[in-house]
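Trainee: Provided below are the primary sequence and the corresponding predicted coordinates.
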Amino acid sequence: MRLSFHHASPLTRGYLIVLTGTALWSTTAILIRHLNDAFAMSPMAVAFWRDFWVALLLWGFFAAFNPAVLHLPRQDYRFLLWSGLLLAVFNSLWTISVKVNGAAVSTVLIYSSAAFTALYERWFQKMPLGLSKGTAILLSLLGSVLAAEAYTAAAWKLNPWGLALGLLSAIAFTVYSLVGKQAAIRRINSWTALVYSFSAAAVFLLVFNLLADRFSLAATLTRLTVLGTSWQGWGWMILLAGVPTIGGYGLYTLSLRYLRASVSNLIATLEPSMTALLAYLLLGERFTIAQLTGGLLILVGVVLVRYGERRDLTRRDLTRQDLTRRDLTGL
């Protein structure tokens, strides 16, 4: 008998959600690359329009079909404003890191966030790291290096500024993930959180673009209107906003209702391997032995985390049953 999604355990549901979100996320680099190469869009312009269209599409969709999602209690406005600022900072740091460090190294650096998240949970929330998760972190980091082909000495000839940018982008993503977990704890609807976070992020990114141009409105308008009347260009931009961004971020945020932030973050390290697969299928790029090995290592890490989570859950259930049995015996 086939097990439906709604009848799956919370852990299984969380894994399916974050895997689907990561698969959608993996199209991001390909779409951004196309916008950069075919339409000469700057990274900061892509970051702004991506968040702007996400916000616009979400507001339009939910206003028409489910207005209740747009309702946000007053006490949560400040929290999601803070979430939007973090999202804008992360998007800015990551796009600049890609430009300064290159795609391979910036990808490896951003996925060090899995280790940062796990260490935060270990040190500040006193959650056990465990052998399976610790091993999975090491495998995911090594796998990301191989999948992104960032293992050559030439790839790592970074200046301190570039390295700092890459690590800061990873820390920003870590903080964003932890804030997303807090949104789940506060019982904020994951789509509501997405609407307001991206709306705030779009405003902050507009300010960041102005800051980059020293508040020269003319320079900022020139950069942001590079697509002009190109319907093809705007089509690609809306596709970037709709598929990997709304789908990826939405499902990643939803997964935090079922999984620890460190677990969702580790599973998301599959993105470089999925991107490599899509590049092979859509762009004709070839896999190397290192990329295949890296993808396999990340997959093994995800399986290890899944095994560790199920083992911990079984252990807690057995402990609970043992305590119940003792209580009944003592009656």
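Mentor: Right, received. Where do you want to start? The shown structure was predicted, so the numbers you read here are calculated from the model rather than taken from an experiment.
Trainee: how about residues contacting stretch 225-234?
Mentor: 35, 38, 39, 40, 41, 42, 45, 237 (Cβ atoms under 8 Å, 6 or more residues apart in numbering). C-beta here means a position set from N, CA and C on the backbone, and glycine is covered the same way.
Trainee: show me what counts as buried in the helix or strand encompassing the last one.
Mentor: Spelled out, that is residue 237. Of the helices and strands defined by DSSP states H and E, residue 237 is found in helix 231-240. Buried residues in helix 231-240, counted by 16 or more other Cβ atoms under 10 Å: 233, 236, 237, 238, 239, 240.
Trainee: what about the residue nearest to the fifth one when sequence neighbours are not counted, how many residues nearby?
Mentor: The spatial neighbour of residue 239 that comes closest, neighbours along the chain excluded (Cβ to Cβ, 6 or more residues apart in numbering), is residue 31 at 6.4 Å. The criterion is other Cβ atoms under 10 Å. On that basis, residue 31 has 19 neighbouring residues.
Trainee: picking up where we left off before, ok, the contacts of stretch 225-234 vs residue 265, which is closest?
Mentor: residue 35 (26.3 Å; Cβ to Cβ).
Trainee: after the helix holding residue 237, which helix or strand is next?
Mentor: Next along from helix 231-240, by DSSP H and E: helix 248-255.
Trainee: kindly provide the whole-number mean pLDDT of whichever helix or strand comes after that next one.
Mentor: Beyond helix 248-255 in the direction of the C-terminus, DSSP H and E gives the next helix or strand as helix 261-268. For helix 261-268, the mean per-residue pLDDT is 72.
Trainee: kindly export helix 261-268 (C-alpha atoms) in CSV.
Mentor: The C-alpha coordinates for helix 261-268 follow below in CSV (Å, rounded to 0.1, in the frame of the first residue of the first chain):
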residue,chain,number,x,y,z
ALA,A,261,17.4,24.2,10.9
SER,A,262,20.8,22.3,10.8
VAL,A,263,19.1,19.3,9.2
SER,A,264,17.3,21.4,6.5
ASN,A,265,20.5,23.3,5.9
LEU,A,266,22.5,20.0,5.4
ILE,A,267,19.9,18.7,3.0
ALA,A,268,20.1,21.9,1.0
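Trainee: for the stretch 201-331 of the chain, which residues score under the pLDDT cut-off?
Mentor: Along the stretch 201-331 of the chain, segments meeting pLDDT under 70 span 262, 269, 272-273, 275-276, 279-287, 291, 295, 298-299, 301-331.
Trainee: how about a cut-off of 80?
Mentor: Low-confidence segments of the stretch 201-331 of the chain (pLDDT under 80): 256, 260-331.
Trainee: buried subset of the contacts of stretch 225-234, written for PyMOL?
Mentor: To isolate the buried members of the contacts of stretch 225-234 in PyMOL, using 16+ other Cβ under 10 Å:
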select buried, resi 35+39+41+42+45+237
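Trainee: which one of the contacts of stretch 225-234 is nearest to residue 96?
Mentor: residue 42 (10.2 Å).
Trainee: hang on, the closest one packs against residue 219?
Mentor: No - taking contacts as Cβ atoms under 8 Å, residue 42 lies outside contact range of residue 219: 11.1 Å.
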